[in-house]
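Chemist: Generate coordinates for the sequence data below:
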Amino acid sequence: MLRQDQFEGLAVFVAVAQASGFSAAAVRLGISPSAVSQAVRNLEERLGFPLFNRTTRSVSLTEAGQRYFDRILPCIEELSAATEELDENADQPSGLGHRHGPHPGRQGVRRHFRHPGR
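Modeler: Have a look, this model is predicted:
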């Protein structure tokens, strides 16, 4: 069964891996570097293993982090594509009670799953 917290931090993790850094990922995601660091730290705690090797000058994926990245990246890209598809169709009427404009519940999904790491 899916739990709500299973997906927290995944888009942030992907952004850090693709940007090879927390600060660059923060800029790409439009959030603070400390929020990026906290999201990754929480994800690592939930998973029970480190995802990144951190030094003062660089950030790189651990072996386990690379395997995890390779496994979840297609899923994140698929979620991003699904969200973009919904956005493209948001103004097209469908059904009896169509609301005009984007659905307010999708705002958080859009922010984290639109173009991960870009």
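
Chemist: mean confidence score for the top helix by length along the chain?
Modeler: Longest helix of the chain, by residue count under DSSP state H: helix 63-89. Helix 63-89 comes out with an average pLDDT of 93.

Chemist: I'd like the distance from it to the chain centre, please.
Modeler: Put simply, helix 63-89 sits 8 Å off its chain's centre (Cα atoms, centre = their mean, to the nearest Å).

Chemist: And stretch 22-37, by the same measure?
Modeler: So, by Cα atoms, centre = their mean, the centroid of stretch 22-37 is 11 Å from its chain's centroid.

Chemist: list the buried ones in that stretch?
Modeler: Of all the residues in stretch 22-37, those buried under the rule 16 or more other Cβ atoms under 10 Å are F22, A24, A25, A26, R28, L29, I31, V36, S37. Glycine gets a C-beta too; all of them are placed from N, C-alpha and C.

Chemist: okay but the third one is in contact with G9, surely?
Modeler: No. Proximity of A25 to G9 does not meet the contact threshold set by Cβ atoms under 8 Å, at 11.6 Å.

Chemist: Which parts of this protein are helices?
Modeler: 10-19, 22-29, 33-47, 63-89, 107-113.

Chemist: so can I have TSV of those showing distance to T56?
Modeler: Shown next, in TSV, are those (distance: least, Cβ to Cβ, whole Å):
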stretch	distance to T56
helix 10-19	16
helix 22-29	12
helix 33-47	14
helix 63-89	19
helix 107-113	28
